[in-house]
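Undergrad: Sequence unavailable; structure follows:
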């Protein structure tokens, strides 16, 4: 207990101080509706010439900086978990490249759509952006598990290929998180699983709902499910997908009551709100473990989501009530 007390006060205090500056949906709406339409459009969709990064890039860069500060203030093993989570931006950029190669084939994505990389990233992003095929793309990647996974995923039939590639990247990310969490002491590991499990459930949900909508084979959907998560257990998902009514059985597994369309947009929003409740409970507690730093990191991600919703809604002329319906309210 003494080691727990000595290892976390500074990191937790810093994390709480950072979270106190996060904005609520009401503040975000007020701030962006005070701006002119051209200025908001420019912030959300820059000209791509590199003179001004998008607001999304700036917010994600802030997330990286927050994560670095928190990781530095923590003991080594918990700090490693935080830094591993920050590698999510690498995964999202890899997905973007793969969508271009396997989808439109219109050349590399604009730099304004790419997320900032972690400080310790070794991803050869510039070279990957020039790849014209998935074979070229994987050849550029460093030897290791990631390259092997992508090469295996690229061998599936064309109709399933992009799904398999993207979900293999998600699984790789969560396996790295799980590997970092395994090095934690038992109380820290339990706390990390609770907080990050709620975030992993969103990926599980996305893979299942996307696979069902696309009519993909059960094995393809199951192969993409992350090993982490607290909802949609693998065995029950497998039984549901193999049943005569896959969508109906999956809806029965949805963890949030009162959602009209669990496999649609409402289901995703419900899981975001469920995650927020988990994070709020953590922030109201006073644990001497990794849960506070991880909760702050995820709250920042939710704030980024809210900001994107407000800015896009403003440009589309949406009313405040319409934006609130999509919100998870990350502010305090």
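TA: Sure thing, it's come through. The structure presented is a predicted model; accordingly, all values stated were derived computationally and were not measured.
Undergrad: wait, what's in contact with the residue most central in space within the chain?
TA: If you average the C-alpha coordinates of the chain and look for the closest C-alpha using C-alpha atoms, centre = their mean, you land on residue 88, 6.6 Å from that point. Going by C-beta atoms under 8 Å, 6 or more residues apart in numbering, residue 88 touches residue 173. C-beta here means a position set from N, CA and C on the backbone, and glycine is covered the same way.
Undergrad: how about it, phi and psi?
TA: Reported as degrees, to the nearest 10, the phi and psi values for residue 88 are phi -60, psi -30.
Undergrad: any idea how far it lies from residue 314?
TA: 27 Å (C-beta to C-beta, to the nearest Å).
Undergrad: now do residue 102
TA: Counting by C-beta to C-beta, the gap between residue 102 and residue 314 amounts to 33 Å.
Undergrad: Just read off the phi/psi values of residue 151.
TA: Taking degrees, to the nearest 10 as the convention, residue 151 sits at phi -60, psi -40.
Undergrad: elements contacting the helix or strand hosting residue 298?
TA: Assigned by DSSP states H and E, residue 298 belongs to helix 291-315. Packing partners of helix 291-315 (3 or more C-beta pairs under 8 Å, 6 or more residues apart in numbering; DSSP states H and E): helix 9-19, helix 25-33, helix 37-44, helix 55-73, helix 76-86, helix 186-214, helix 265-284, helix 320-325.
Undergrad: out of those, nearest to residue 254?
TA: Shortest separation from residue 254 across the helices and strands packed on helix 291-315 is recorded for helix 265-284, at 6.3 Å, computed as C-beta to C-beta.
Undergrad: how far is the closest one from where the chain is centred?
TA: Centroid separation for helix 265-284 versus its chain: 14 Å, with C-alpha atoms, centre = their mean, to the nearest Å.
Undergrad: Also stretch 124-140?
TA: Distance of stretch 124-140 from its chain centroid, counting by C-alpha atoms, centre = their mean, is 23 Å.
Undergrad: Could you do stretch 313-332 as well?
TA: Going by C-alpha atoms, centre = their mean, the spacing between the C-alpha centre of stretch 313-332 and its chain's C-alpha centre is 20 Å.
Undergrad: What ranges in the protein fall below the confidence cut-off?
TA: Confidence mapping of the chain against pLDDT under 70 gives the ranges 1-17, 19-21, 23-25, 27-29, 31-37, 40-53, 104-112, 286-287, 329-332.
Undergrad: give me that answer again for 50
TA: Low-confidence segments of the chain, defined by pLDDT under 50, span residues 1-6, 50-51, 330-332.
Undergrad: Show me it divided up by domain.
TA: Per the record's domain assignment (automatic domain parsing), the chain is made up of the domains 1-74+290-332, 93-173, 185-287.
Undergrad: now the second one, how far from the chain's geometric center?
TA: Relative to its chain's centre, domain 93-173 lies at 17 Å (C-alpha atoms, centre = their mean).
Undergrad: Distance across it, terminal residue to terminal residue?
TA: Counting by C-alpha to C-alpha, to the nearest Å, you get 13 Å between the two ends of domain 93-173.
Undergrad: Can you give me the buried ones in stretch 274-292?
TA: Residues 274-276, 278-279, 282-283, 288-292 are the ones in stretch 274-292 that count as buried (16 or more other C-beta atoms under 10 Å).
Undergrad: now, the most widely separated pair of these?
TA: 274 and 288 (25.3 Å).
Undergrad: follow-up on the earlier one: can I get the helices and strands packed on helix 291-315 in JSON lines including distance to residue 114?
TA: Below are these laid out as JSON lines (distance: least, C-beta to C-beta, whole Å):
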{"stretch": "helix 9-19", "distance to residue 114": "25"}
{"stretch": "helix 25-33", "distance to residue 114": "23"}
{"stretch": "helix 37-44", "distance to residue 114": "15"}
{"stretch": "helix 55-73", "distance to residue 114": "8"}
{"stretch": "helix 76-86", "distance to residue 114": "15"}
{"stretch": "helix 186-214", "distance to residue 114": "20"}
{"stretch": "helix 265-284", "distance to residue 114": "24"}
{"stretch": "helix 320-325", "distance to residue 114": "26"}
